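Colleague: compute the structure for the input listed below.
(chains A and B)
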Amino acid sequence: MTAPAENTPRPAPQTASPPDGLAEADRPVLPRGVRVKYDPVRETWFLLGPERAIKLDPIAQAILTETKDGRTFGEIVAILADTYNAPVERIAIDAGRYLRALVDRRFVDLA
Amino acid sequence: MTDAAPNPNRPGPPMAMLAELTHRCPLSCPYCSNPLELTRKAGELATEEWSDIFRQAAALGVLQLHLSGGEPASRGDLVALVEAARDAGLYSNLITSGIGLTRDRLQALDAAGLDHVQLSLQGVDAGMADRVGGYRGGFERKMKVAGWIAEIGFPLTINAVVHKQNLDRLEDAIDLAESLGARRLEVATVQFHGWATVNRAALMPTAEQAKRTHAIVRDARERLMGRMVIDYVPADHHAQFPKACMGGWGSIGLNVVPDGRVMPCHAAHTIPGLVFDKATEVPLADIWYDSPAFNAYRGDDWMQEPCRSCERKTVDFGGCRCQAMAVLGDPAATDPVCSKSPHHQDLVAKAIADGDAAESDFTYRVLGA
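Modeller: Next up is the predicted model:
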């Protein structure tokens, strides 16, 4: 049986992604079955995935909102640094750590 | 009417709803969590009744809908039900054995907006899987279905139900899940409710198996980090502390059974005296917040010692009410799985005896005569 790319276990990342963050060239994407949703009942944003719902604080929501359109991690960090007027180095560490934890849990894939 | 005092144990909104669409199933697994007395087709809710319940659930705050059974694919209206879930804004998960799904039907479910598929695994080869499921050809069919799931691109969880007779092939089950492209794997040791209670001696893992399983899961989690997530339900009769059953009674989720009755968990009907309202007759929000059945074991007023003064009471909530009922005949007792329960030693002794028993024949799930 052959499985297409979507469901095939991915090979080890090609780029030298740090184990607790992402490399600038990494392209984080929400895989099929994972989505950001606003919950009007709790007035909170959630990341919904297979049998999991993760509550998003405003920072997490901002990171995931910019994770789209095939952007690299470097581009995402630049956008966040610009939007929130914060140092790039700081954002890269925080957003990298956050996204890496989601990569480990298969909520985010690296394209 | 008198003014009711505000409920001090009022929970937040539920996160998840398990919809047991039907009790019908081509398989007859000897550990089925359905009740011993099954609902027949004529007693099942209609499409529009389920659709209304889905809308009520979403309005109440449910985010995730698990479509289960029995075998949900036994419902001829499954595609329409998935559409209704999507229209209600719910994240939909199909919990299936795969039997009853064709390539065309999976494509229709894809078009209807199904978010995720959880495929059960009774064994890693046809010999074991078909014997456990009591359905010849089931394994071969399931592997075909897994191929279509991958082809369409549904995110896939494999739910490997493990017990004495297949635990020694757990490594192979992990490899199989990976080769099927699963993003998640559940290693779910049989819990002794429903049909499993009549098959204890044939299903209870040995203490050695329970211990070895911990190590296998730990190693696999490390090895597969970032590739496949493993959720693990251990053999709780061999544990030191009970499971935080349902994350606390009436705290996170609710179950709707085929005839529309709403329960805090799938075994709650085994507790005498609890009355379960039907979602077709009482608004779901009223059932969740105000029904006596849902409030029965919220908070800690109901707790006895040693739970009541225990620092773990907010961690595991005294364990499983249905297990306390099944083993001790008292649903408010400390779950005897807890090492602090005065009945713990008895439970462990029985678990070891059942684990060591040579019994291998199953009593299969059947619709009553």
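Colleague: is the helix or strand hosting residue B:254 anywhere near chain A?
Modeller: Assigned by DSSP states H and E, residue B:254 falls within strand B:253-256. No: Strand B:253-256 lies out of reach of chain A by CB under 8 Å from any CB of the partner chain, never closer than 11.0 Å. Glycine gets a C-beta too; all of them are placed from N, C-alpha and C.
Colleague: gap between residue B:169 and chain A?
Modeller: Per CB to the nearest CB, to the nearest Å, residue B:169 is found 19 Å from chain A.
Colleague: right, and that residue touches residue B:129 too?
Modeller: No: using CB atoms under 8 Å as the test, residue B:169 is too far from residue B:129 to be in contact (10.4 Å).
Colleague: between the two, which is the more surrounded one?
Modeller: Of the pair residue B:169 and residue B:129, residue B:129 is the one with more neighbours under other CB atoms under 10 Å in any protein chain shown, namely 22 against 17.
Colleague: pLDDT on the longest helix seen in chain A, on average?
Modeller: Longest helix in chain A by number of residues (criterion: DSSP state H): helix A:88-104. Over the span of helix A:88-104, the pLDDT mean works out to 95.
Colleague: which positions in it come out as buried?
Modeller: For helix A:88-104, the buried set under the neighbour-count rule, 16 or more other CB atoms under 10 Å in any protein chain shown, comprises A:91, A:92, A:94, A:95, A:96, A:98, A:99, A:100, A:102, A:103.
Colleague: and it, is it in reach of chain B?
Modeller: Yes: counting by CB under 8 Å from any CB, chain B has neighbours in helix A:88-104: A:103, A:104.
Colleague: counting contacts, what elements does that helix pack onto?
Modeller: Counting contacts by 3 or more CB pairs under 8 Å, 6 or more residues apart in numbering or on different chains; DSSP states H and E, helix A:88-104 is packed against helix A:58-66, helix A:73-84.
Colleague: could I get those in CSV, plus columns for mean pLDDT?
Modeller: Putting the helices and strands packed on helix A:88-104 into CSV (pLDDT from 0 to 100) gives the following:
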stretch, mean pLDDT
helix A:58-66, 94
helix A:73-84, 96
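Colleague: partner strands of the strand holding residue B:254, with direction?
Modeller: Here strand B:253-256 is paired, per DSSP bridges, with strand B:16-20 (parallel), strand B:262-263 (antiparallel).
Colleague: extract the CA atoms of it and return them as CSV.
Modeller: In CSV, the C-alpha atoms belonging to strand B:253-256 read as follows (Å, rounded to 0.1, in the frame of the first residue of the first chain):
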residue,chain,number,x,y,z
GLY,B,253,-17.5,16.1,27.8
LEU,B,254,-20.8,14.4,27.3
ASN,B,255,-22.1,11.3,25.6
VAL,B,256,-25.3,10.9,23.7
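Colleague: contacts for it, please.
Modeller: Strand B:253-256 is contacted by residues B:14-20, B:53, B:62, B:246-247, B:262-266, B:268, B:279, B:284, B:287-288, B:294 when judged by CB atoms under 8 Å, 6 or more residues apart in numbering or on different chains.
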